[in-house]
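> Requesting a structural model of the entry that follows:
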Amino acid sequence: QAISAFVSLIITGRFLVAAMLLLLVEVSNIFLTTRMLLKMSNVPSPVLYEVNKYVNLVMYFAFRLAPQAYLTWYFLRYVEVQGQGAFLMANLLLLDAMILMYFSRLLRSDFFPSLHKASAGRDVDGEKFLID
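Got it, this is the predicted structure:
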């Protein structure tokens with residue numbers, strides 16, 4: 001989705017500011033990756049994981065949810081819904097759904113772990129699936 005939207009933006013030269021704003025999403029990937037590495041490595045210091053958990057939440061909101069909400073609002077309000085505008089709007093709405101789904105998974109796994117422990121599956125060897 002992102003690649004097709006960026007190629008469309010670069011070819012036409014329109015909505016370049018929106019493309020740059022969407023690149024802010026990559027900033028929060030640093031903290032999401034750090035979170036997953038800490039979780040998989042069973043770091044003996046839970047303080048590091050706890051600090052990263054809250055920083056991750058702030059960065060996710062600042063660099064994913066807020067820019068995405070602004071872009072969605074801007075496109076709904078000011079962009080024509082035909083041609084390239086319709087194509088970009090469809091991509092934007094799909095990204096909205098994906099970002100909200102990832103945010104709910106992040107909240108559920110880090111801040112409300114009791115909600116998903118009951119539904120956690122087990123694989124063939126009896127080990128828990130890596131669901132978060």
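> lowest average confidence, helix or strand, in this structure?
Least confident helix or strand, the chain: helix 113-117 with a mean of 68, by mean pLDDT, DSSP states H and E.
> Secondary structure element for the spatially most central residue of the chain, which one?
Nearest residue to the geometric centre of the chain (CA atoms, centre = their mean): residue 99, 4.1 Å. Here residue 99 sits within helix 84-110, counting by DSSP states H and E.
> Equivalent analysis for residue 27, please.
Here residue 27, judged by DSSP H and E, is contained in helix 25-41.
> residues in contact with that helix?
With contacts defined as CB atoms under 8 Å, 6 or more residues apart in numbering, helix 25-41 is touched by 48-49, 52-53, 55-56, 59-60, 62-64, 67-68, 106, 110, 130, 132. To be clear about C-beta, it is placed using only N, CA and C from the backbone, and glycine gets the same treatment.
> Can you name the next helix or strand after it?
Downstream of helix 25-41, the first helix or strand assigned by DSSP H and E is helix 46-60.
> quick one: average confidence on that next one?
Here helix 46-60 scores 89 as its mean pLDDT.
> Name the spans of the protein whose pLDDT lies under the cut-off.
1-2, 4-5, 15, 18, 22, 81-83, 116-132 (pLDDT under 70).
> rewinding a little: so how far is the helix holding residue 27 from its chain's centroid?
Remark: helix 25-41 is offset 11 Å from the chain centroid, using CA atoms, centre = their mean, to the nearest Å.
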